[in-house]
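**Q** Fold the following for me, if possible:
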Amino acid sequence: MKKNIKITLLIIPIILIISIIAFGSFYTYWNNTTPDKTCASCHEIGKSVNSQAQSSHRNLHCKECHGTALSNGFHSIKEKGMMVVNHIKNKQVENIKLSEEQLLEVLNNCNRCHSSEFAKWTSGGHSLDYQHVFLNTKHNSTEQINYDCLRCHGMFFEGNVGDVVEPLNIKGPWKLKEEKMATVPAIPCMACHLIHQDGSPQVRPDYSNPKTIFYQKKGPISKLGFYDRHEKVYYPITQLPQLNLWEGDRKVKVSDDQLMRNCVQCHAPNSRHQSGTSDDRTPRGVHEGLSCMACHEPHSNNARNSCISCHPAISNCKLDVTKMNTSYSDAKSGNNIHFVACADCHNGSRPEGRGNRSRIVSIIRN
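**A** Got it, this is the predicted structure:
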């Protein structure tokens with residue numbers, strides 16, 4: 001009897017050691033071999049793996065963004081385990097979508113490679129959280145919270161706006177249904193960036209023929225788009241339409257910059273496409289036809305130095321354009337930089353300036 005016990009006590013550690021070695025070997029193999037031998041071996045993941053192979057992130061392993069079965073403790077084990085269970089049950093999931101929680105976990109990994117862009121996003125207006133959107137007393141008391149709020153502020157949230165905040169009126173007081181949502185980003189990177197995006201590797205130019213270097217460059221492949229929460233589809237900006245905008249009966253000239261097509265998906269006018277309505281910021285007046293990107297930096301939205309990019313420090317009007325009384329320098333100014341016209345600063349005529357002493361220009365506000 002004692003002999004059997006000793007044998008059992010000896011066998012159990014051996015089995016444990018062999019199991020640990022076997023599991024460790026398999027775990028190491030799975031996390032380091034090519035995705036076509038691991039992730040893509042399941043048909044549910046094949047579509048994502050194929051798009052990844054054509055993207056600008058093609059040299060990254062899946063685990064770099066999605067983590068491993070042990071990278072986030074028990075949570076990861078549970079999540080990856082359910083994938084195995086669903087596969088064994090033959091649960092048909094052909095179009096896999098990350099939940100908002102999973103997506104935000106991937107978001108934290110963006111910072112590892114795109115630290116500069118991530119820092120600018122953090123310092124810009126698009127990094128606001130759910131609490132900044134849905135607990136804004138000034139906004140909520142003038143415009144009632146509705147389902148369409150989630151189209152731009154919380155587009156990956158699985159549910160309706162009633163599951164985010166209550167009450168849905170203009171009286172308040174408002175509170176989030178779950179306190180943990182307070183610090184959840186309402187406009188994450190994926191609102192504009194598709195991770196499995198089309199891309200091509202950089203090619204060094206032909207240095208033996210310097211004159212052709214410029215002409216050898218290919219046009220940039222856009223890495224922007226808009227995620228439609230209603231359709232649960234990501235639309236690249238090449239598929240987004242140019243904005244048709246009107247000021248009364250006059251059609252406003254709108255820049256054909258493809259990047260701006262993304263901006264106007266959220267900074268959009270009302271259903272009648274009237275300029276200045278809803279959250280429309282499309283330039284009019286003296287800046288009509290300019291793209292949003294002419295002034296705003298892509299990630300931080302900062303427009304601090306935009307005037308100097310186009311205007312001399314001292315204009316023909318003998319005024320420093322960077323110090324004019326517009327919303328550029330004074331947030332309370334009635335002359336919004338998006339809509340300011342010549343007549344807002346000049347009372348019907350243009351003052352004399354260098355090279356313009358004999359010119360009197362009548363200002364007609366369109």
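
**Q** Could I get the buried residue list for stretch 278-288?
**A** Going by neighbour count (16 or more other CB atoms under 10 Å), the buried part of stretch 278-288 is 280, 281, 282, 283, 284, 285, 287, 288. Every C-beta, even on glycine, is put in place using the N, C-alpha and C of the backbone.

**Q** Quick check: end-to-end length of that stretch?
**A** Across stretch 278-288, the terminal residues are separated by 18 Å (CA to CA, to the nearest Å).

**Q** ditto for stretch 193-203
**A** Where stretch 193-203 begins and where it ends lie 23 Å apart, using CA to CA.

**Q** per-residue confidence at residue 225?
**A** As summarised for this prediction, residue 225 has a pLDDT of 87.

**Q** cool, residue 352 as well?
**A** Per-residue confidence (pLDDT) for residue 352: 55.

**Q** Sort out which one of the buried residues of stretch 278-288 lies nearest residue 128 for me.
**A** When the buried residues of stretch 278-288 are ranked by distance to residue 128 (CB to CB), residue 281 comes first, at 16.5 Å.

**Q** just checking, the closest one touches residue 267?
**A** Yes: checked against CB atoms under 8 Å, the pair residue 281 and residue 267 is within contact range at 4.9 Å.

**Q** one step back: redo the buried residues of stretch 278-288 as a markdown table? Include secondary structure and distance to residue 148.
**A** Formatted as a markdown table, the entries for the buried residues of stretch 278-288 read as follows, by DSSP: H, G, I helix; E, B strand; the rest coil; distance: CB to CB, whole Å:
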| residue | secondary structure | distance to residue 148 |
| --- | --- | --- |
| 280 | coil | 15 |
| 281 | coil | 18 |
| 282 | coil | 19 |
| 283 | coil | 25 |
| 284 | coil | 25 |
| 285 | helix | 28 |
| 287 | helix | 28 |
| 288 | coil | 28 |
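
**Q** Okay, now the unreliable bits of the stretch 1-150 of the chain?
**A** Scanning the stretch 1-150 of the chain with the threshold set as pLDDT under 70 gives 1-9, 23-24, 26-32, 35-44, 46, 69-77, 79-80, 90-95.

**Q** what ranges do the helices span in it?
**A** Using DSSP state H, counting those that start in this stretch, the helices assigned to the stretch 1-150 of the chain run over residues 2-32, 43-53, 62-66, 73-88, 100-113, 115-123, 130-134, 137-140.

**Q** Check the ones you listed for me and report the most buried one.
**A** helix 130-134 (a mean of 20; mean count of other CB atoms under 10 Å).

**Q** I figured residue 228 hits residue 235, correct?
**A** Yes: between residue 228 and residue 235 there is a contact at 6.3 Å, judged by CB under 8 Å.

**Q** For these two, list the residues in contact with both.
**A** With contacts defined as CB atoms under 8 Å, 6 or more residues apart in numbering, no residue is shared by residue 228 and residue 235.

**Q** quick one, which of those two is more surrounded?
**A** residue 235 (16 against 13; other CB atoms under 10 Å).

**Q** ok, the more buried one to residue 158 distance?
**A** Taking CB to CB, to the nearest Å as the measure, residue 235 falls 20 Å from residue 158.

**Q** Could I get the phi/psi values of residue 320?
**A** Comment: the main-chain dihedrals of residue 320 come out as phi -80, psi 110, following degrees, to the nearest 10.

**Q** is it in a bridge, and if so with what?
**A** residue 314 (DSSP bridges).

**Q** give the contact list for residue 141.
**A** With contacts taken as CB under 8 Å, 6+ apart, residue 141 has the following neighbours: 170, 171, 172.

**Q** Could you list which of those residues belong to helices?
**A** With helices defined by DSSP state H, no entry of the contacts of residue 141 lies inside them.

**Q** which of those residues lies closest to residue 240?
**A** The shortest gap between residue 240 and any of the contacts of residue 141 belongs to residue 170, at 32.3 Å (CB to CB).
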